[in-house]
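Asker: Dropping a prediction and its sequence here:
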Amino acid sequence: MAEFIPPGTRWFALPSPFPMKRGGALHGARLAYETWGRLDAAGGNAILILTGMSPDAHAASHADNPAPGWWEWMVGPGKPIDTRRWFVICVNALGSCKGSTGPASIDPATGAPYRLGFPALSIEDGADAAAALVRGLGIAQLACVVGNSMGGMSTLALLARHPGIARSHINICGAARALPFSIAIRSLQREAIRRDPEWRDGDYEAAGTYPENGMRMARKLGVITYRSALEWDGRFGRVRLDAERRDDEDPFGLEFEVERYLEAHARRFVHAFDPNSYLYLSRSMDWFDLGEAHGGDTAAGLAALTGVRQALVIGVRTDILFPIQQQEEIAAGLRQAGCETRFLAMPSPQGHDAFLVDEARFAPAMAGFLGALPCSARDPGKVA
């Protein structure tokens, strides 16, 4: 399966060998990223964005790639993450198939894709790779690190493993550990892929096959948890498909509009993401627990993040995948660490994905927090 790399992507060569938390190492690995704005002379105005599981590094349009990014309304001149003031870096997660080294990449030792030969991947590995990129760009300290969904986990790992790397932090729909419900959903998604006969123990490309049905089911399960029952009801109700869009020869075929939506969404995704990368990244979230180094005490893990001065933690009341008590836990832990922390509970009906679509609520919150931040330790916080 070829990697899916957007135009304008840059690459950073990771230290080689690059050790992995659970054993093994990567050789000749790289991290894909994109940037917006200009780094100031002091290197103090940098903001790092760590993404959820499936996005690439193309958060917003720019001269090298004018296509809209996945967070187009958030990043750019005059937008909440204002690139007239900030130098913004968005990283494609280590283990992904969208430019960074992952299971779909070529293993230099064999000349073939890693597939299941890729080392066990943890959230911490992605955090260490992001830290290497920041240092490699000559940035001593980030003004802010922003993480949403899986990226919220990654930012906490980054702050824990690299104290002092950022002066402030925005955690959106993130978590300090995986909960049983989320683990159960992701386990079913992985099983759907692995039970597809065309997965072939990860060797589908060599066999000229592809686990399409497994990927479809995995994506449908994911999309159901990314949104809320409130939105499903308001958006689709019990609307049935028109007769011409139903397959009357299949007695259990698509009948409701919500089924058609899930099917169309899944089919768009199936060949746009590598199945093995999906498995590795999904499992990395299940493994993550910030309290692991503190005897399983998550609160102690959060309280140890003493290098951050200010934080904004945002949760969504209708989020069932990363429920709001997880963001409340993060906010409480950061306060215990001595960080000036603001917590916002958004009433968005869109569930976990609200940060991608609820511009009316998220844009003012982000703009307000970032607008008050200094560009450096000495800057009073005025827009240049």
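Answerer: Sure, I can see it.

Asker: Which parts of this protein are helices?
Answerer: Taking DSSP state H as the test, the helices found in the chain are 123-136, 150-161, 180-194, 212-226, 229-236, 257-270, 275-287, 298-303, 324-336, 354-357, 359-371.

Asker: most neighbours per residue, which of the ones you listed?
Answerer: For the helices of the chain, the largest average neighbour count (mean count of other C-beta atoms under 10 Å) is found in helix 150-161, namely a mean of 27. (Glycine included, C-beta is placed from N, CA and C.)

Asker: Which strands and helices lie in contact with that helix?
Answerer: strand 46-50, helix 123-136, strand 144-148, strand 168-172, helix 275-287 (3 or more C-beta pairs under 8 Å, 6 or more residues apart in numbering; DSSP states H and E).

Asker: Go again with 7 Å.
Answerer: The contact analysis (3 or more C-beta pairs under 7 Å, 6 or more residues apart in numbering; DSSP states H and E) places helix 150-161 against strand 46-50, helix 123-136, strand 144-148, strand 168-172.

Asker: Nearest to residue 100 among the ones you listed would be which one?
Answerer: When those are compared by C-beta to C-beta, helix 123-136 sits nearest residue 100, at 7.6 Å.

Asker: mind checking pLDDT for the residue sitting furthest away from the middle of the chain?
Answerer: The C-alpha centroid of the chain is most remote from residue 249, which lies 40.5 Å away (C-alpha atoms, centre = their mean). Here, the pLDDT recorded for residue 249 equals 74.

Asker: Relative to residue 137, how far out is it?
Answerer: 58 Å (C-beta to C-beta, to the nearest Å).

Asker: quick one on the thing from earlier: which one of the helices and strands packed on helix 150-161 lies nearest to residue 207?
Answerer: Of the helices and strands packed on helix 150-161, nearest to residue 207 by C-beta to C-beta is helix 123-136, at 28.5 Å.

Asker: Could you list every helix and strand that that closest one packs against?
Answerer: Packed next to helix 123-136, using 3+ C-beta pairs under 7 Å, 6+ apart, are strand 30-36, strand 46-50, helix 150-161.

Asker: would JSON lines of the ones you listed with mean pLDDT and distance to residue 232 be doable?
Answerer: Shown next, in JSON lines, are the helices and strands packed on helix 123-136 (pLDDT from 0 to 100; distance: least, C-beta to C-beta, whole Å):
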{"stretch": "strand 30-36", "mean pLDDT": "97", "distance to residue 232": "33"}
{"stretch": "strand 46-50", "mean pLDDT": "98", "distance to residue 232": "28"}
{"stretch": "helix 150-161", "mean pLDDT": "98", "distance to residue 232": "23"}
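
Asker: Name the nearest residue to residue 223, sequence neighbours excluded.
Answerer: Distance criterion C-beta to C-beta, 6 or more residues apart in numbering; nearest residue to residue 223, sequence neighbours excluded, is residue 265 at 5.5 Å.

Asker: next one: residue 222
Answerer: residue 189 (6.2 Å).

Asker: now the helices of the chain in CSV, with distance to residue 38?
Answerer: Shown next, in CSV, are the helices of the chain (distance: least, C-beta to C-beta, whole Å):
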stretch, distance to residue 38
helix 123-136, 16
helix 150-161, 23
helix 180-194, 39
helix 212-226, 34
helix 229-236, 39
helix 257-270, 35
helix 275-287, 32
helix 298-303, 34
helix 324-336, 30
helix 354-357, 26
helix 359-371, 16
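
Asker: Please name whichever of these is nearest to residue 20.
Answerer: Nearest to residue 20, of the helices of the chain and by C-beta to C-beta, is helix 123-136 at 5.2 Å.

Asker: Could you tell me the angle between that closest one and strand 46-50?
Answerer: Angular relation of helix 123-136 and strand 46-50 on a 0 to 180 degree scale: 160 degrees, by axes from the mean of the first three to the mean of the last three C-alpha atoms, to 10 degrees.

Asker: Out of the helices of the chain, which is closest to residue 170?
Answerer: Comparing the helices of the chain under C-beta to C-beta, the one sitting nearest is helix 359-371, at 6.6 Å.

Asker: what's the average pLDDT for the closest one?
Answerer: The predicted model assigns helix 359-371 a mean pLDDT of 98.

Asker: can you state the direction angle for that helix and strand 144-148?
Answerer: Using the same axes, to 10 degrees: helix 359-371 against strand 144-148 is 160 degrees.

Asker: For helix 359-371, C-alpha coordinates in CSV please.
Answerer: Output in CSV follows, covering the C-alpha atoms of helix 359-371 (Å, rounded to 0.1, in the frame of the first residue of the first chain):
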residue,chain,number,x,y,z
GLU,A,359,-16.1,26.6,14.8
ALA,A,360,-18.6,28.9,16.6
ARG,A,361,-17.6,27.5,20.0
PHE,A,362,-14.0,26.4,19.5
ALA,A,363,-12.6,29.4,17.6
PRO,A,364,-13.3,32.0,20.3
ALA,A,365,-11.9,29.7,23.0
MET,A,366,-8.7,29.1,21.1
ALA,A,367,-8.3,32.7,20.0
GLY,A,368,-8.9,34.0,23.5
PHE,A,369,-6.3,31.7,25.1
LEU,A,370,-3.6,32.2,22.4
GLY,A,371,-4.2,35.9,22.1
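
Asker: right, so of the helices of the chain, which gets closest to residue 64?
Answerer: helix 123-136 (18.0 Å).

Asker: what's the angle between the closest one and helix 150-161?
Answerer: Going by the same axes, to 10 degrees, helix 123-136 makes 70 degrees with helix 150-161.

Asker: Distance from the chain centre to helix 123-136, please.
Answerer: Mean C-alpha position of helix 123-136 versus that of the full chain (C-alpha atoms, centre = their mean, to the nearest Å) differs by 14 Å.

Asker: tell me the mean pLDDT over that helix?
Answerer: Rounded mean pLDDT across helix 123-136 is 98.

Asker: which outside residues touch that helix?
Answerer: 12, 14-15, 20-21, 31, 33, 48, 50, 91, 93-95, 142, 153-154, 157-158, 161-162, 165, 284-285, 288 (C-beta atoms under 7 Å, 6 or more residues apart in numbering).
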